[in-house]
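> quick one, structure for this:
(2 chains)
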Protein chains: 2
Amino acid sequence: MSKTIAVIGTGLMGAPMARNLLAGGYTVHAWNRTRAKAEAIDDATVCDTVPEAVAGADFVLTMLSDGPAVDGYIFDTAVTDAMANGATWLDMSSAKPEEARRQAAHLASLGFGHLDAPVSGGTKGAEGASLAIMVGGDAATFAKAEPVFDAMGRPVHVGPSGSGQLSKLANQAIVAVTIGAVAEATLLLEKGGADPTAVRAALKGGFADSVILQQHGARMSDRNWVPGGLSKFQVKDLDNLLAEAGGLDIHLPVAQHVRDRFQRFVADMEGGDLDHSGLFLELLDQNGLKP
Amino acid sequence: MSKTIAVIGTGLMGAPMARNLLAGGYTVHAWNRTRAKAEAIDDATVCDTVPEAVAGADFVLTMLSDGPAVDGYIFDTAVTDAMANGATWLDMSSAKPEEARRQAAHLASLGFGHLDAPVSGGTKGAEGASLAIMVGGDAATFAKAEPVFDAMGRPVHVGPSGSGQLSKLANQAIVAVTIGAVAEATLLLEKGGADPTAVRAALKGGFADSVILQQHGARMSDRNWVPGGLSKFQVKDLDNLLAEAGGLDIHLPVAQHVRDRFQRFVADMEGGDLDHSGLFLELLDQNGLKP
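Numbering: from 1, shown residues only, chains lettered A, B, ... in the order given. Below is the predicted model of the structure:
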C-alpha cells in the first residue's frame, strides 16, 4: 500500500511539491487555509481541518510561512492527538534553527519523528522536483523519509535537528553577500566604461561565476527589480542568521554589513517588495548616483 | 605563412600559453629573464633579448608580474624600434586599468595596436587552453587578435582600453568577497553543529553555489592553506580595485571591508603566503577562536 503524506500548506511551493508526491505514487492529504488552493491539486484528498489531514498519514509535511506558523500545528494537541503512531513530521518551511530544535524535542516527547528540511530552488525547483533539500535530524529518521524527499528534489542530511535551517541561513547569507559583491563589480564596470554584460559572459565558468553573477547581475544591468526574491525577506533571513550567530557567540562581519545595507534599502528606500538584486540601488544611493 | 608571436615572460602561465600557441600553428619567439624557462618550450625560437624576440613578430604577448614590468618594455625604444610595422601588443599580465590605457596610448602614438587582455583560470586554464580572457581595446584590433587568443582560451571583448584590467579587478573583488561569505557560512555551520561538507553538497547547483564555495569552502573545512591564490596578491588586487574606484569617485563598501580584513591577515597574522581561503583564519581570530 502506498504511503500517505499530509501536506499542510499548498501555496506556491507546497502545491507543486504535493503534485510531485502524487506523481511519485504517494497518497496526499492536502490542507490549505484557502481551500481552493488545495482543491487545485488533482488526485489529492482535500481535507477540511489539519487534524483530519494528518489522520492516518505516515508523514506530515508542512510548507508554511515561518516557524511560528508551524508551531501553531505542532503544539496543537488536536493535531498531535490525530497523528498516527510512528508518524514523522517533515517541516520544509524556512524557520529558525532554535524553532526546529524545539519542535523536534516536543514531537519526540510524544513519540513522533521530526526533520527540519528547508529547501532552495524556488518555485522552479518545486515544479521540476529539483529542490535542494537540507535536512536536519537523526540519521534513522532521515533514512525513513529520504524516498519522500526524493520525489521533490535532492535531499542531503546535514546534521542533527536545526541543521537544515542553519544550512538555509548559510545559503541566504552567501546569496546576500554575493549580491553585494556583484553590485559593486557592476557599478565599477559601468563607471569605468566596460560592458558588464560582456564581462559576465567572460567570467562564465570561472572563479567569480555564480547564478547570482549571471541572473542578478543581469537584473542590475537592466535595472529590472521585479522579484524573484524579495528584499524584505532577505532582511528577515539575515536577521535570523545574525540572531543564530549571536546565540552561538560569533560575529559575522560581512553578513552584518550586508544586512544593515538591506535594512536601509527596505526601511529608508522603500525597497522591501523589490527583488534583492535591488541592493544595487542602495549602492548607487550611497554613492550619490541616480538609478 | 604562419603568424609569429613574441612571448615575453614564459613563467608558470606564459610557458603553457606559448605551448598552446605552437600547437595552434603559430611561430613563437620566446624570451624569459631566466633563459632556461624559455628553453623548456619545445619548438619555440628562444631569444637572447626582447628586441630580438619582437623583431618580425606580428604580435607581442607579455605575461609579466605587473604593469610596471610591462612598462619596462613598452617604453623602451630599443624594443619598439625593433617591432615590425603593424604589430599588435597583447598584454595578458594583470595590471591597473590606468597602466593599460597609458600603454595603449603610447603604442598608438608609434603606430602599434594594443589590447589589455588579463586572464582568469590559473595554471590549469593556461595548460588546458581554457583561460577566460577579458579583452580591452578597440574592436578592429580585437578582431585581428581573436584567433591568437582562441589558441589559449575564451576571449571576450569587454570594452575600450583598460576594460580588460577593470574586468579582472571586478573578478578579483567578487572572488575576495565570496571568500568572506563562505568563511562566515562555514564558521556558522561548524559552531552550530552542522556538517559543512554535507551542506556544500546540498547547495551544489543552487543560488549560493560557486567554485569558491566548493573549493575554498573545502579548504576551510580541511584547514588547508596551501596556495592556490596568495593572500598578499589578493590585497594587491583589492588595492588596485579601490584605487581605480577612487579615481572614478565611487565607494565600494563590501570590497573595502574585505580588503581591510585581508590586509590585517597579511600584515598582522603572517597570512601573506597562505591561500586566500585563509581569510577564514582572520575570521576565527576576530572571534577569539583557535584554528
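> now stretch A:4-24: average pLDDT?
In this model, stretch A:4-24 has a mean pLDDT of 97.
> which helix in chain A has the most residues?
Longest helix in chain A by number of residues, with DSSP state H as the criterion: helix A:163-192.
> where do the strands of chain A begin and end?
All strands of chain A, identified by DSSP state E, fall at A:4-8, A:27-31, A:45-46, A:59-62, A:88-91, A:113-116, A:119-120, A:131-136, A:153-159.
> who does the fourth one touch, helix- and strand-wise?
Helices and strands touching strand A:59-62, as assessed by 3 or more C-beta pairs under 8 Å, 6 or more residues apart in numbering or on different chains; DSSP states H and E, comprise strand A:4-8, helix A:14-23, strand A:88-91, helix A:139-150. (Each C-beta comes from the backbone N, C-alpha and C, glycine too.)
> now with 7 Å?
Using 3 or more C-beta pairs under 7 Å, 6 or more residues apart in numbering or on different chains; DSSP states H and E as the contact test, the elements touching strand A:59-62 are strand A:4-8, strand A:88-91.
> from the chain's centre, how far out does the longest one sit?
Between the centre of strand A:4-8 and the centre of its chain there are 19 Å (C-alpha atoms, centre = their mean, to the nearest Å).
> what does stretch A:13-20 give?
Put simply, stretch A:13-20 sits 14 Å off its chain's centre (C-alpha atoms, centre = their mean).
> swap in stretch A:274-281?
19 Å.
> try stretch A:250-267
Per C-alpha atoms, centre = their mean, the centroid offset for stretch A:250-267 relative to its chain is 19 Å.
> interface residues of the stretch 51-200 of chain A facing chain B?
Taking C-beta under 7 Å from any C-beta of the partner chain as the contact definition, the stretch 51-200 of chain A meets chain B at A:97, A:120-121, A:132, A:134, A:156-160, A:163, A:166-167, A:170-171, A:173-175, A:177-178, A:180-182, A:184-185, A:187-189, A:191-195, A:198-199.
> domains of chain A?
As given by automatic domain parsing, the domain ranges for chain A are A:4-159, A:166-286.
> and the longest one, end to end?
To tie it back to what came earlier, the one meant is domain A:4-159. 26 Å (C-alpha to C-alpha, to the nearest Å).
> what do you get for the last one?
Its first and final residues considered, domain A:166-286 spans 31 Å by C-alpha to C-alpha.
> any weak-confidence spans in chain A?
A:1 (pLDDT under 70).
> now the farthest one out in it, which residue is it?
Distance from the centre of chain A peaks at residue A:193, with 37.5 Å (C-alpha atoms, centre = their mean).
> which residues touch that residue?
Going by C-beta atoms under 7 Å, 6 or more residues apart in numbering or on different chains, residue A:193 touches B:159-160, B:163.
> mind redoing it with 8 Å?
Listed by C-beta atoms under 8 Å, 6 or more residues apart in numbering or on different chains, the contact set of residue A:193 reads B:159-160, B:162-163, B:166.
> rewinding a little: and the helices and strands packed on strand A:59-62 as JSON lines, adding distance to residue A:128 and mean neighbour count?
Compiled in JSON lines, the helices and strands packed on strand A:59-62 are given as follows (distance: least, C-beta to C-beta, whole Å; neighbours: other C-beta atoms under 10 Å in any protein chain shown):
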{"stretch": "strand A:4-8", "distance to residue A:128": "18", "mean neighbour count": "28"}
{"stretch": "strand A:88-91", "distance to residue A:128": "19", "mean neighbour count": "28"}
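> any chance of a markdown table for those strands, columns distance to residue A:282?
Output for the helices and strands packed on strand A:59-62, formatted as a markdown table (distance: least, C-beta to C-beta, whole Å):
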| stretch | distance to residue A:282 |
| --- | --- |
| strand A:4-8 | 37 |
| strand A:88-91 | 33 |
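> between those, which one is nearest to residue B:232?
For these, proximity to residue B:232 was assessed by C-beta to C-beta; strand A:88-91 is nearest, at 46.1 Å.
> what lies in contact with the closest one?
A:58-62, A:70, A:74, A:100, A:103, A:107, A:112-117, A:141, A:144-145, A:148-149.
> any buried residues in stretch A:81-97, and which?
Residues of stretch A:81-97 classed as buried by neighbour count (16 or more other C-beta atoms under 10 Å in any protein chain shown): A:82-84, A:87-97.
> actually stretch A:211-219, not the one I wrote
Buried residues in stretch A:211-219, counted by 16+ other C-beta under 10 Å: A:211-213, A:216-219.
> same check on stretch A:101-112?
Neighbour counts using 16+ other C-beta under 10 Å place A:101-104, A:106-107, A:112 of stretch A:101-112 among the buried residues.
> about what we covered before: if we check chain B, which of the buried residues of stretch A:211-219 are in contact?
Restricting the buried residues of stretch A:211-219 to those near chain B by C-beta under 8 Å from any C-beta of the partner chain leaves A:211-213.
> possible to save the buried residues of stretch A:211-219 as a markdown table with distance to residue B:224?
Listed next are the buried residues of stretch A:211-219 as a markdown table, based on distance: C-beta to C-beta, whole Å:
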| residue | distance to residue B:224 |
| --- | --- |
| A:211 | 26 |
| A:212 | 26 |
| A:213 | 26 |
| A:216 | 30 |
| A:217 | 30 |
| A:218 | 35 |
| A:219 | 36 |
